[in-house]
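[1] Provided below for reference: sequence and predicted model.
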Amino acid sequence: GFKHFWELNRDDPVATLNRITGYMEYQKPIEIQKFPYKGKLVHFSGRNYDLETTPNHRLYCGFKTYLCKRGYIYRFIEAERVAAKSQGTRSSYLLNRQLRWEGENKEFITIPRASHIYPKAIHRPRNIEAIPTDLWMKFMGWYISEGSILWQGKNKYKIEIPQKKVGYLAEIKETIEAIGFKTHIAQYSNCQGVEFWSKQICEYLKPLGKAKQKHIPPELKQLSSKHLKTLLLTLCKGDGTYKNGEPRFYYTISKRLADDVLEIAFKSGYVATITKTKDYHNGTDLYRVNIQNHHSKIHLSGKIEEVDYDDYVYCVSVPNELIFVERKGKPVWCGNSTFLNMTQARFGATPFASLSAQIPYEKEYNPAWRSYTFTDQVFRAYRDMFCNLLDLVPATAQTWNCTEGGALYHPKLKYATLREWLQNA
């Protein structure tokens, strides 16, 4: 799910975008920035986006150019430049919120075995060793939307899934029986429901909490787009709506579940936002996830204003330089902060002389020089990203490092001074 910047630590994987492949990748932060800031912030707000950044923060914007007449070129552009060119007119800049996801494509899901089975139990528990993934995703969709468990009393370890629509009731019953459990149709006060008993399933479902705490298990969110779409469609059958076989809205009183549904919607190939409203029955907070299969790229055509700010500002640095941020339920891709960005925002300039002593350098062996060198974390992240790109270069191609530095080394790189390279070229 989503975390505030001040809640992040170095071990938290952050959702980033690989600009070459278009796939979402999780990367741990190189650096987490936090410092006091007093000045102006640029606030961009629209129907599908909401960003508030320092003036020099880099946005990842698309724009048209004569070099690319049929599409858009995406570049990092400072927020103040985007705001200056977008005031009083329809902006030519686009924000991107699309992603591709390559998760785990599992054929079967394994559920932990029940902790202990009593031989004289009324409803003799049994363990299911492996469950087809599609069946399990359908069951989890129905349970998270409609289900509950009884953990104590006469009906201990009972799972209930009520449903008013007869067609859906039959689908729930068929799904559970296909997994391997015997079911029972129960009559409740205002509807019917499917019941079955399993200590193994109850122990798996109990940590998911009750209505206000419900969420999707983290391991399920790492599955492939195909499996996540099955889960999303079933969730919308229970507590949402769909049209022409596509999910449209999902409703929940759990903020964590709303964030989880938003995440799997993006990983399934859709785009989504969250709207917070009130339940007209009891006045509690209600979260509506708005799901679309279009408008993945949005014009910066909304309101742009400067706001006064006097507090801490936060950001992270990641190797891919693009992070998935969400404000007021509207997620987009945004550039991360670099050392230079944060220094300029804090001091208004780049006092490298005064800050050089504070940069953490680490000693590592350099095979090009056959000696040890000192490099900082940010440079190593850029070097690793460059080396990942270099791995995609065909083996027949030659890539030379002519900077005479040698700190950027890789088995595929050849080393020479610029003069030597020109003589041999």
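    Yep, it's here.
[2] How about Glu80: what's its closest non-neighbour residue?
    Pro55 (3.9 Å; C-beta to C-beta, 6 or more residues apart in numbering). C-betas here are computed from N, CA, C, even on glycine.
[3] quick one: contacts for Ile176?
    Phe139, Thr183, Val194, Phe196 (C-beta atoms under 8 Å, 6 or more residues apart in numbering).
[4] ditto for Ala178
    Ala178 neighbours (C-beta under 8 Å, 6+ apart): Pro132, Leu135.
[5] at 10 Å instead, please
    Ile131, Pro132, Asp134, Leu135, Lys138, Phe139 (C-beta atoms under 10 Å, 6 or more residues apart in numbering).
[6] Surely the residue nearest to Glu80 is in a helix?
    No - read with DSSP: H, G, I helix; E, B strand; the rest coil, Pro55 is coil and lies in no helix.
[7] So what does the residue nearest the centre of the chain have for phi and psi?
    Central residue of the chain (C-alpha atoms, centre = their mean): Ala15, 4.8 Å from the mean position. Phi and psi for Ala15, reported as degrees, to the nearest 10, are phi -70, psi 120.
[8] just Tyr204 next, same as before
    Per degrees, to the nearest 10, the backbone of Tyr204 is at phi -70, psi -40.
[9] Which residues are in contact with it?
    Ile111, Pro112, Ala114, Met140, Ile149, Ser198, Pro217.
[10] Please convert the buried members of the residues you listed into PyMOL selection syntax.
    Those of the contacts of Tyr204 that count as buried under 16 or more other C-beta atoms under 10 Å are selected in PyMOL with:
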select buried, resi 111+114+140+149+198
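[11] Specify the beta-bridge partners of Gln163.
    Gln192 (DSSP bridges).
[12] Surely Lys267 and Leu228 touch.
    Yes - with contact defined as C-beta atoms under 10 Å, Lys267 reaches Leu228; the gap is 5.2 Å.
[13] what do those two both touch?
    In contact with both Lys267 and Leu228: Trp101, Gly103, Lys221, Gln222, using C-beta under 10 Å, 6+ apart.
[14] List only buried entries from the residues you listed.
    By 16+ other C-beta under 10 Å, those give Trp101, Gly103, Lys221 as buried.
[15] out of the contacts of Ala178, who has the most neighbours?
    With neighbours set by other C-beta atoms under 10 Å, the maximum within the contacts of Ala178 is found at Phe139, which has 25 neighbours.
[16] Check the average confidence over the host helix or strand of that one, would you?
    For Phe139, the enclosing helix or strand under DSSP states H and E is helix 133-146. The average pLDDT for helix 133-146 rounds to 95.
[17] Take the contacts of Tyr204 and write them to JSON lines, including distance to Gln292 and secondary structure.
    As requested, the contacts of Tyr204 are exported to JSON lines (distance: C-beta to C-beta, whole Å; DSSP: H, G, I helix; E, B strand; the rest coil):
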{"residue": "Ile111", "distance to Gln292": "33", "secondary structure": "coil"}
{"residue": "Pro112", "distance to Gln292": "37", "secondary structure": "coil"}
{"residue": "Ala114", "distance to Gln292": "41", "secondary structure": "coil"}
{"residue": "Met140", "distance to Gln292": "23", "secondary structure": "helix"}
{"residue": "Ile149", "distance to Gln292": "33", "secondary structure": "strand"}
{"residue": "Ser198", "distance to Gln292": "37", "secondary structure": "coil"}
{"residue": "Pro217", "distance to Gln292": "26", "secondary structure": "coil"}
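[18] From what I see, Arg113 and Glu203 are in contact.
    Yes - using C-beta under 10 Å, Arg113 is in contact with Glu203, at 9.0 Å.
[19] so where is the stretch 51-200 of the chain shaky, pLDDT-wise?
    65-71, 87-91, 116-125, 153-155 (pLDDT under 70).
[20] All the strands of it, residue numbers only.
    According to DSSP state E, counting those that start in this stretch, the stretch 51-200 of the chain carries its strands in the segments 58-65, 68-78, 94-96, 108-109, 131-132, 148-150, 158-163, 184-187, 192-197.
[21] now for those strands, which one comes closest to Ile253?
    Closest to Ile253 of the strands of the stretch 51-200 of the chain, according to C-beta to C-beta: strand 148-150, at 13.9 Å.
[22] which secondary structure elements does the closest one contact?
    strand 158-163, strand 192-197, helix 199-205 (3 or more C-beta pairs under 10 Å, 6 or more residues apart in numbering; DSSP states H and E).
[23] Glu107 is nearest to which of those?
    helix 199-205 (19.0 Å).
[24] next helix or strand past the closest one?
    helix 225-239.
[25] how about that following helix: buried residues?
    225, 227-239.
[26] what's the angle from that helix to helix 133-146?
    30 degrees (axes from the mean of the first three to the mean of the last three C-alpha atoms, to 10 degrees).
[27] I'd like to know the average pLDDT value across helix 225-239.
    94.
[28] can you put the helices and strands packed on strand 148-150 in TSV and add distance to Tyr287?
    Formatted as TSV, the helices and strands packed on strand 148-150 follow (distance: least, C-beta to C-beta, whole Å):
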stretch	distance to Tyr287
strand 158-163	21
strand 192-197	24
helix 199-205	21
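[29] if we compare these, which one ends up closest to Asn336?
    Closest among the helices and strands packed on strand 148-150, using C-beta to C-beta: helix 199-205, at 36.4 Å.
[30] Just the CA atoms of stretch 218-237, as PDB, please.
    What follows is stretch 218-237, C-alpha atoms only, in PDB (Å, rounded to 0.1, in the frame of the first residue of the first chain):
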ATOM      1  CA  PRO A 218       0.700  -8.600   0.300                       C
ATOM      2  CA  GLU A 219       1.700 -11.900  -1.400                       C
ATOM      3  CA  LEU A 220      -1.400 -11.800  -3.600                       C
ATOM      4  CA  LYS A 221      -0.500  -8.300  -4.900                       C
ATOM      5  CA  GLN A 222       2.700  -9.600  -6.300                       C
ATOM      6  CA  LEU A 223       1.000 -12.000  -8.700                       C
ATOM      7  CA  SER A 224       0.600 -11.400 -12.400                       C
ATOM      8  CA  SER A 225      -1.800  -9.000 -14.100                       C
ATOM      9  CA  LYS A 226      -4.000 -11.900 -15.200                       C
ATOM     10  CA  HIS A 227      -4.500 -13.100 -11.700                       C
ATOM     11  CA  LEU A 228      -5.000  -9.600 -10.200                       C
ATOM     12  CA  LYS A 229      -7.600  -8.800 -12.800                       C
ATOM     13  CA  THR A 230      -9.600 -11.900 -11.700                       C
ATOM     14  CA  LEU A 231      -9.400 -10.700  -8.100                       C
ATOM     15  CA  LEU A 232     -10.400  -7.100  -9.200                       C
ATOM     16  CA  LEU A 233     -13.400  -8.300 -11.200                       C
ATOM     17  CA  THR A 234     -14.700 -10.500  -8.300                       C
ATOM     18  CA  LEU A 235     -14.200  -7.700  -5.800                       C
ATOM     19  CA  CYS A 236     -16.400  -5.400  -8.000                       C
ATOM     20  CA  LYS A 237     -19.100  -8.100  -8.200                       C
END
